[in-house]
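Asks: quick check, what structure comes out for this input:
(chains A, B and C)
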Amino acid sequence: MTDTVDPAIRRDNRGAAADLDALRALAGPLFDALVGSGMAISVTDPRQADDPIVFVNAAFEGLTGYEAAEAVGRNCRFLQSDDTDPETVAKIAKALATTGTASADLLNARRDGATFWNRLNITTVRDASGAPAFRIATQMDVSADYRDEDLGRDLRATRQRLLEAKERLRIAQAVAGAAGAWEWDIARGRVIADPRFATLYGLDPVEAEQGLPTSAFFDTVYAADRLRLKIAVAGALNGAEVFARDYRVVVDGDVRWVSARGRTFLDADEQPVRFSGVLADITDQKRVEERLRIAQSAGGVGTFQYLSGFGTVDVSEEFCRLLGLHPAASLPVRTINALVHPDDPPLISALGDAPIGAAFHEFRVQRADDGLERWLACRGEHQLAPTGGISFIGVIYDITATKHSEARLRALAAALEERAEVTQQERDRVWNLSRDLLSISDRDGVYRAINPAWKDLLGYDAADLVGLPMGGLVHPDDKLHAQQQTAGLRAGDMVADFDCRVLAKDGEYRWINWTAVPEGGFIYAVGRDVTQRKALEDQLRQSQKMEAVGQLTGGLAHDFNNMLTGILGGIDMVRRRIGEGRMADAERFLDAAMQSGQRAAALTHRLLAFSRRQSLDSRPLDVRDLVASMEDLLRRTLGEQVRLESEVADDVWTALADDNQLESAILNLAINARDAMPRGGRLTIAARNVQLSAARLAKSDRAEPGDYVEISVSDTGLGMTPDVLGKVFDPFFTTKPLGQGTGLGLSMIYGFVQQSRGHIEIESREGAGTTIRLFLPRHLGEADEANDTHEVAAHAGAGETVLVVEDDPAVRLLVVQVLEELGYRAIETEGGRDANPILQSARSIDLMISDVGLPGLNGRQLAEIARESRPALPILFMTGYAEQASEQSAFLDEGMEIITKPFAIDQLARRIGAILERTKP
Amino acid sequence: MSIQSIFLEELERDALTELVNIGVSRAASSLRKMVGDQVLLSVPSVEVVTREGAATLIRERESGELVAVRQDFEGVFSGRALLIFPQVNSMALVHAVTGGALSEGEATEMEDEALTETGNVVLNSCLATMANMLQKPLQMSLPEVMRGDGASLFNLSAKHAEGGVVLFLYINFAINDRDIRGYIAMLMDLPSLQALRTLINDFIERVAGDVG
Amino acid sequence: MGTTVLIVDDSKLARIVVGKTIAALQPDWIRVEAGNADEALALIENQAVDLAVLDFNMPGRDGLDLAEELRARFPDMPIAVATANVQDEIMARARAANAAFIPKPVTEDGMRGFISGAALRLRSAGQ
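Replies: Have a look, this model is predicted:
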């Protein structure tokens, strides 16, 4: 073996042999094997000025026509021709500087001037200290691949475009999460899709990422939907901006509904160049929608959804039918309200000051088609919309018959009152023919008579019930509420529109809507079966949940894509400006990209808060400071009618919780309290130390007995009934609008307290105000050293080594760049597979920065492994969205911290600085 | 509505919707250049209705006075295209399109002028693009401003008045940040519909082979 | 001697927009306007015109008819037809009359090619 190598070395008369021995020592026998393999090899020494060649083998001489003596001592660039692509050269240099390895095809020139395509693979051999000692490059003539120069250029361009498209997709996917994304290159006639899209479509994910013929977009589409999809795509490819189609795909015999939303991008000449979008699985949503549609038309229930500030309302077909309008998916608010009787409240009112929570009202409409007057009821819920603003979602249904029976009931009562004036026959007709439950009870609520409808609907004869007290058949969960209603009747109040479940003889419960009046020593009641409507309301809520999911995966992903287009477009413009040397307006595009980015970040935060998976940053927290700092804001929010008092004990302990979340919880509670005091009152915010016993925490899932900081918000408002009280934390809580200020807000606070391992209690009596108590765990130790990181200026590194583990090249590049600019040494790895050997090696590492969601080993697992050999290694996790990380204190061990993506560069710099500062010996 | 299926198959409706989508996207892009703001479009709606039905559809959505720029077109198929918006939006639109070019006073004076030219550009872009897609030329009349309610806008000229039903296409648009919204609508009478149908089927055939 | 450009459009707003656009590209040019084909032809009798930008859709004779007539009388005059009617057929007719096609709404970018080409031709013809 040495024989074949030695001649080459002998020919090298510049004394590089000593170097080569060093190389052999580092690279081992492999090097000699390579040299003798017939593959062209060159070796350079990056420690010397200009990285000169120190060795070439015979195959290199054969390939390039240069003798070793001519090559050695020169930089490799002497092989470049006039047409060598400077960008590729720059990329190689960059790759070598960061990872130490590079692969590229370069147009080089032989000694005789003939050019050839050289496939370079360069790898760096490092010395014991980890510094580059040699670079070994293999070279291969691949001109055959580039036989036609034009073809070659195209190939490169395509590859470049592919890379860019893939990157765009990948980012879109990472941000959008669940939705699949595609990108259709119109000129090339290729479709590139991400793995999620590939899964939905039953395509090979690797091939899909590399690009498929456009037929792949249609092949697995359900045959009956295929041509319709083709037509819609043809529209998009010819410049139609809006692309929205729901269709079926068949994968392995399984039919799934997907929803595709896309958009066409035009070039400067308005020619379509790119058609991209996102795809979401909506099979479940479709199923619910279909059930709901059938149920709606059968049950005569129309649904609507309105977002504050919009001029139109999304409505169902049945909604239109109830108003006598043509079926439409959306109607202007004005059109809807114009049909409502002028003396009645509008169907849709401005939501500016609507209290969050359930709402109910009745009104008359004049139907648009036949001009008839009908009574309708509207039952709905005001919620904070995930995209901002307030949404009002609900149902309308016809209650004309109920209204009529109400009138009939009054007539009946009057008739009974004046027996003399009414014939037995007349009375009996109403009594016997009514489909509604009619009953007469005495003042004590004991049934005296029931009509035959009871038999038809519930199976009871008069003999079953007469003599028994009212309310005996009511569902246990509704009993309390029913008793209150009965008590009201005894006191002379009327009951209108009270829903409760009543046990039928067959053991089933049916929902009955009651109207009752006390009159002349008797209680007359009418009950109407509304079981179907109740079932619909349940289904509606279910479908809203599905819709929310659909929105997250579909519509919002699309918004993200638009924002990403802003970001990527801005960056692209900057790159071009830099390329052209026009720096003057680069700033403008950067600003635009930044703005888009911030918008996207704000949207993510809102979404995560909405889905209650926001990563909580529990820190030691001075409740006293926090309450004091909020007083001004609270005063302004509460207005002049409400007096604000704060009673925070001087010795209140440090709590452990996320300060932002606590702030928003207090604010939410204060707003609820304000709404519960329409005529003004007093709001008290108090904080004190308490010890909670196991008995008191019996109902809590997460809290354990011990020391807590109690923060209470009390009002002197309307209060709530016990019935409402039991349900206030239910996110889809809907009953009558008795409890003011309940709804999603409270359930979010509940979520926050649970996640913080705290406890929440609520105390309220009708007419006597409400107190809500949040118990947050006491922090044992010093208050708030971590908060300092906010103020620490970016700390300059002193060559500390930071191991970066991140599979996303864009984020990795950013982090490495920040580290290098700050004077740290970064070791760049893509995941556990690269990082682990480095962690196991003897190399000194001062900090590990790792993504949480990595392919293979996740960041947390990698941290475990790292800590085995390096127990004191500080670790900083980066996460965009990680369920495991949503509760940081449980996720993080000592010396571990987390930073949430997206983060500003300064923020990252400060965190790194602070960690390294703290761990300094 | 069974009347729909008699005149247009589902696929034909899809294809027509897409054609309108293409035309309107081009129109929106023109409008975008004129007002310098984002123009948002809805998914087009295609219906076969009676003329009164078309008026009702608009009236249900817009109860106030409307302004429209109308342009009649003729060729293998013929009908009327309308750019419609509430009267209360009219001046805002004029300001948006005249922008810096006119003083406040001039703009008010030129309200109809500016509306006509806007309608001309928007409707021409849309119709011309559709004609190109269908590969058949169309002659367009001079644009004309109309005011009134839905019913008066949809009275086709006597020449087209024979059929009881019309093909009615409409798209909502909104101009971002300006609180201007409106419709682009198209009405075609029955003989036109048959001719259009043939062209649409040619288009479908091209698409079926063309894409993928 | 200045360069005179004739703008023919029945819409005053359109004439303003076209005029402004030309002014931005060639501030020194003199702009004369006509509201229809007849007015334009009458104007030419009394005034030398170096180039013309014509609307297509006008009452009376349309812009292409006018272009053809102008072309017959001034074989070398740079003429453009500006319209939102972007039908292939209209564009082909403009090309046949040796007139440039400018899509409406008129923008500086849309106008630049025609104006700079015309300026070049007029300068070389003048030399």
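Asks: which residues does A:Gly180 bridge with?
Replies: For A:Gly180, the beta-bridge partners under DSSP bridges are A:Leu279.
Asks: doesn't A:Gly277 make contact with it?
Replies: No - between A:Gly180 and A:Gly277 there is no contact under Cβ atoms under 8 Å: 9.5 Å. Glycine gets a C-beta too; all of them are placed from N, C-alpha and C.
Asks: give me the pLDDT for A:Glu821.
Replies: As predicted, A:Glu821 sits at a pLDDT of 80.
Asks: check B:Arg80 too.
Replies: Per-residue confidence at B:Arg80 stands at 88 (pLDDT).
Asks: is it in a helix, a strand, or coil?
Replies: strand (DSSP: H, G, I helix; E, B strand; the rest coil).
Asks: isn't it up against B:Asp189?
Replies: No - the pair B:Arg80 / B:Asp189 is not scored as a contact, 9.2 Å apart, by Cβ under 8 Å.
Asks: sketch out the low-pLDDT regions of chain B for me.
Replies: B:1-8, B:43, B:63, B:99-102, B:150-151, B:155-165, B:176-178, B:190, B:210-212 (pLDDT under 70).
Asks: show me where chain B has helices.
Replies: Secondary structure of chain B, counting by DSSP state H: helices at B:2-7, B:10-35, B:51-61, B:90-98, B:104-109, B:111-134, B:150-153, B:190-210.
Asks: tell me the contacts of B:Leu142?
Replies: B:Leu142 sits next to B:Gln71, C:Asp10, C:Asn57, C:Met58, C:Pro59 when contact means Cβ atoms under 8 Å, 6 or more residues apart in numbering or on different chains.
Asks: out of those residues, who's nearest B:Val166?
Replies: Top of the list for closeness to B:Val166, among these and by Cβ to Cβ, is B:Gln71 at 16.0 Å.
Asks: what is the neighbour count of that closest one?
Replies: As a burial measure, B:Gln71 scores 23 neighbours (other Cβ atoms under 10 Å in any protein chain shown).
Asks: you'd agree it is up against B:Thr116?
Replies: No - no contact is recorded between B:Gln71 and B:Thr116 when judged using Cβ under 8 Å, the distance being 9.7 Å.
Asks: what is in contact with the two at once?
Replies: When contacts are counted by Cβ under 8 Å, 6+ apart, B:Gln71 and B:Thr116 are jointly contacted by B:Pro143, B:Glu144.
Asks: in chain B, what residue comes closest to chain A?
Replies: Distance from chain A to each residue of chain B (Cβ to the nearest Cβ) is smallest for B:Glu18, at 3.3 Å.
Asks: list the contacts of that residue.
Replies: Shown here is B:Glu18, whose contacts under the criterion Cβ under 8 Å, 6+ apart are A:Ile231, A:Ala232, A:Ala234, A:Gly235, A:Ala240.
Asks: contacting residues for the residue in chain B that chain C sits nearest to?
Replies: Across chain B, the shortest distance to chain C (Cβ to the nearest Cβ) belongs to B:Asn124, at 3.6 Å. Contacts for B:Asn124 were tallied using Cβ under 8 Å, 6+ apart; they are B:Gln71, B:Met140, C:Asn57, C:Thr83, C:Ala84, C:Asn85, C:Val86, C:Lys104.
Asks: which of those residues lies closest to chain A?
Replies: Chain A has its nearest neighbour among the contacts of B:Asn124 in C:Val86, at 9.8 Å by Cβ to the nearest Cβ.
Asks: would you confirm that the closest one contacts B:Asn132?
Replies: Yes - under the criterion of Cβ under 8 Å, C:Val86 makes contact with B:Asn132 at 7.2 Å.
Asks: how about the helices in the stretch 51-200 of chain A?
Replies: Ranges of helices within the stretch 51-200 of chain A are A:58-64, A:68-71, A:86-98, A:149-176, A:195-201, based on DSSP state H, counting those that start in this stretch.
Asks: wait, B:Ser152 sits on B:Met146?
Replies: Yes - counting by Cβ under 8 Å, a contact exists between B:Ser152 and B:Met146, whose distance comes to 7.1 Å.
Asks: more neighbours, those two?
Replies: Counting neighbours by other Cβ under 10 Å for B:Ser152 and for B:Met146 shows that B:Met146 has the greater number, 16 against 12.
Asks: retrieve the pLDDT associated with residue 38.
Replies: Since you didn't name a chain, this refers to chain A. pLDDT for A:Gly38: 65.
Asks: switch to chain C, please.
Replies: What the model reports as pLDDT for C:Asp38 is 94.
Asks: got the contact list for the residue nearest to B:Lys136 when sequence neighbours are not counted?
Replies: In space, B:Lys136 comes closest to B:Val76 once its chain neighbours are excluded; the distance is 4.6 Å by Cβ to Cβ, 6 or more residues apart in numbering or on different chains. By Cβ under 8 Å, 6+ apart, the contact list for B:Val76 reads B:Leu134, B:Lys136, B:Leu138, B:Ala195, B:Leu196, B:Leu199.
Asks: can we see that at 7 Å?
Replies: Neighbour list for B:Val76: B:Lys136, B:Ala195, B:Leu199 [criterion: Cβ atoms under 7 Å, 6 or more residues apart in numbering or on different chains].
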